[in-house]
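Asks: Whatever this is, show me its structure:
(chains A and B)
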Amino acid sequence: MQDLAVRCDGLVKRYGNLVAVDGLSLHVRRGECVGVLGPNGAGKTTTIEILEGILPPDDGDVEILGMRWRTDARDLRNRLGIQLQDTQLNEKLTVEETVRLFRSFYRQGRPVAELLRIVELEGKRASRVGTLSGGQKQRLSLACALAGDPDLLFLDEPTTGLDPQARRQLWDVLARFRDGGGTILLTTHYMDEAQTLCDRVAVVDHGRSIAEGTPASLISSLGAPKTVVQQGTLEDVFMSLTGRHLRDD
Amino acid sequence: MTSEQPQTTVGEVSTPAANPRGSSTVDRGGASHPLVELTLTRLREFVREPEALFWAFVFPILMTIVMALAFPSSGTRPVPVAIADGPNAAAVRRALAGDPSIAIRDIAPGGEQGALREGAVHLIVVPADPPIYQFDPAREESRVARLVVDNALKKASGRLDPWRAHEQPVQIPGSRYVDWLIPGLVAMGIMTNGMWGIAFAIVQARLRKLLKRMLASPMRKWEFLFAQVGARLIFLAPEVAIPLAFGALALGMPIHGSFVAIAAVSLLGAVTFGAIGLLLGSRVRTFEAVSGLMNLATVPMWLLSGVFFSTSNFPDAFQPAIQALPLTALVDALRAVVLEGRSLIAIRGELALLGAWTIVPFVLALRLFKWR
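Replies: Model prediction:
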């Protein structure tokens, strides 16, 4: 447990009377891909934004790559890749100009052309961002997150709203990043995404982590009989943990 | 020769490889310094928005042309008057037709009052004995019309002048309305473009969560804010130069001031209104709100700061407030430099006021600014 990329203990964040994050703890080892699952309003985005150093926590202890936001913010920013939930990149810029802009912020990293190759957008380098499809925009946003050749990637719902092909294409990019030794922490609504990409998942509800483990261990903990033809899915685990009622933001 | 070519290619490829990452030198992977990239981004955004280009560069020229047509140099246009029906109408018409400074307009019977109200004629002569002048003495044009018509009719009736003065028409360069107007329009452009350019760009980036996204990168906040102002200053040159050049070349407006002084005043004005734009955009989250704030700030200044008509038209009680407005200071400073060739020292009062209007909003903006 020495080599943790993310160590967060007893995290609390309140908005007025609303407790968005209520004593959440989360550990991510280096080289691991961890998914945070949870219904709308469970505190996923708040948590990830605290870890990203965008929001200050009200309480709790956060250590990222062995550093702290209070003292090492600049070093941390250079070593993290971040994709926010709904950033609209500048539609008037071209793909290449957008990557160049973000690349300029980092003091190390891959050349712009290579970043475009990694996210498979070389063919679109001269296209305006406004003309891209949802999946292409998301891959462009990923290229911006990868601009500093980060050790740790934070992704907030990276494939929400994408079609199955676009999602798989994005997963491929993420899998390659992991194979290269990178660490990923992502939030998602999609159980298949968690099952495909993540070594471990944490199910979060009401600002707390209510279950944690590998997708397989969570599925088996549901007690689904192994002999039935239809194997239990992570979705079954999720529904049994968080209930069936609708969550509206 | 042919064998050298592949060698050159290999040499080029191996150069970046020989400089691995992790060294103390900053490697931006082919990108320039963030300040340069951010400024370029702002410039591209602007240039790729045709409407923005129109408002910044074409609109001031159209405005100048329209104003020049509407208000030509005074004194050269004949005074439009109408003659009502009456027994002496023919005699009156003959008398007035002989004077080149009078233009007789034929108005359909009954339409005289309407023509007077709309300014189509400035005076109506009712050809009774003696004639009756119908005009609005509150209107300057009508008072002029009364004097000109009265003079013409009395001369025609055989009035003998005791003496005749020698007239010396003097053309004071820069005294025409357009000459006076153009520096005002330039100042107004600096204000609108400065405030909109900065506040709108910031609100848009905040709304799209781009500000937040950039803040999540190692970009420094001051780099972003400096780039916004830097991009503004790059656009400033054509914004100031185009209307002034148009005025000088097409309309014969004299430019007495030095280019250095004009540039310095414009630069300070741009920074001032950039700071005000930064303040207005520091918290707002919607376009409606920022448009409202912007109109609240700019519309009163368009009217009060002497862009279109002199500030002395307003009552004395208003003057302290009007003179304290940043646009008044910029308009006055620019006119003093362009039309009168005054030095920067001579307009230090205006410059100091602009300085205050820069520092206070900028400090406030830094305290209030929300990145998310």
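Asks: Spatially, which residue comes closest to residue 200, not counting chain neighbours?
Replies: No chain specified, so I'll use chain A. Of all residues not flanking residue A:200 in the chain, residue A:34 sits nearest, at 5.1 Å (CB to CB, 6 or more residues apart in numbering or on different chains). (C-beta placed from N, C-alpha, C; glycine too.)
Asks: you looked at the wrong chain, it should be chain B
Replies: With sequence-adjacent residues excluded and distances taken as CB to CB, 6+ apart, residue B:200 is closest to residue B:290, at 6.5 Å.
Asks: in the helix or strand encompassing the one you found, what's buried?
Replies: Secondary structure assignment for residue B:290, by DSSP states H and E: helix B:287-304. Neighbour counts over helix B:287-304 (16 or more other CB atoms under 10 Å in any protein chain shown) mark B:290, B:293-294, B:297-298, B:301-302, B:304 as buried.
Asks: outside of it, which residues touch it?
Replies: Identification of contacts with helix B:287-304 by CB atoms under 8 Å, 6 or more residues apart in numbering or on different chains yields B:188, B:191-192, B:195-196, B:199-200, B:203-204, B:207, B:276, B:280-281, B:284, B:308, B:311, B:314, B:318, B:321-322, B:325-328.
Asks: which stretches of chain A have low pLDDT?
Replies: A:1-2, A:222-232, A:244, A:246-249 (pLDDT under 70).
Asks: Around chain B, pick out the residues from it.
Replies: Neighbours of chain B within chain A, by CB under 8 Å from any CB of the partner chain: A:52-54, A:74, A:77-78, A:80, A:82, A:84, A:86-90, A:92-93, A:97, A:100-115, A:144, A:147-149.
Asks: and with 7 Å instead?
Replies: Listed as neighbours of chain B in chain A under the rule CB under 7 Å from any CB of the partner chain: A:52, A:54, A:74, A:77-78, A:82, A:84, A:86-90, A:92-93, A:97, A:100-112.
Asks: Return the subset of these lying in strands.
Replies: residue A:82 (DSSP state E).
Asks: Just the residues of chain A next to chain B: which are in helices?
Replies: Secondary structure from DSSP state H places A:74, A:77-78, A:97, A:100-104, A:112 of the residues of chain A next to chain B in helices.
Asks: Report the mean per-residue pLDDT for the helix or strand harbouring residue B:272.
Replies: Element membership for residue B:272, per DSSP H and E: helix B:259-280. On average, the pLDDT along helix B:259-280 is 94.
Asks: now the strands for the chain?
Replies: By default, I'm working from chain A. Listed in chain order, the strands of chain A (DSSP E) span A:4-15, A:18-29, A:33-37, A:59-64, A:80-83, A:152-156, A:183-188, A:200-205, A:208-213.
Asks: Wait, chain B was what I had in mind.
Replies: B:79-83, B:102-105, B:123-126, B:132-134.
Asks: So which of those is the most surrounded?
Replies: strand B:123-126 (a mean of 24; mean count of other CB atoms under 10 Å in any protein chain shown).
Asks: ok, and what's touching that one?
Replies: Contacts to strand B:123-126, defined as CB atoms under 7 Å, 6 or more residues apart in numbering or on different chains, come from residues B:81-84, B:86, B:92, B:112, B:116, B:131-135, B:142, B:145-146, B:149.
Asks: now stretch B:355-372
Replies: In this structure, residues lying in contact with stretch B:355-372 by CB under 7 Å, 6+ apart are B:211-212, B:215, B:271-272, B:275-276, B:278-279, B:282-283, B:326.
Asks: Could you rerun that using 8 Å?
Replies: Counting by CB under 8 Å, 6+ apart, A:54, B:206, B:209, B:211-212, B:215, B:221, B:268, B:271-272, B:275-276, B:278-279, B:282-283, B:326, B:329 sit against stretch B:355-372.
Asks: Can you say which of those residues are buried?
Replies: Neighbour counting with 16+ other CB under 10 Å marks A:54, B:206, B:209, B:211-212, B:215, B:268, B:271-272, B:275-276, B:278-279, B:282-283, B:326, B:329 as buried within the contacts of stretch B:355-372.
Asks: on that earlier part again, in TSV, list the strands of chain B along with mean pLDDT.
Replies: Below are the strands of chain B laid out as TSV (pLDDT from 0 to 100):
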stretch	mean pLDDT
strand B:79-83	90
strand B:102-105	90
strand B:123-126	91
strand B:132-134	91
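Asks: Stretch A:189-201: which residues count as buried?
Replies: Residues of stretch A:189-201 classed as buried under the neighbour-count rule (16+ other CB under 10 Å) are A:190-191, A:193-198, A:200-201.
Asks: For those, give me TSV that also has distance to residue A:242.
Replies: Listed next are the buried residues of stretch A:189-201 as TSV, based on distance: CB to CB, whole Å:
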residue	distance to residue A:242
A:190	14
A:191	12
A:193	17
A:194	14
A:195	16
A:196	20
A:197	20
A:198	17
A:200	18
A:201	13
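Asks: And those residues, which two are furthest apart?
Replies: A:190 and A:200 (16.1 Å; CB to CB).
Asks: All set now, cheers.
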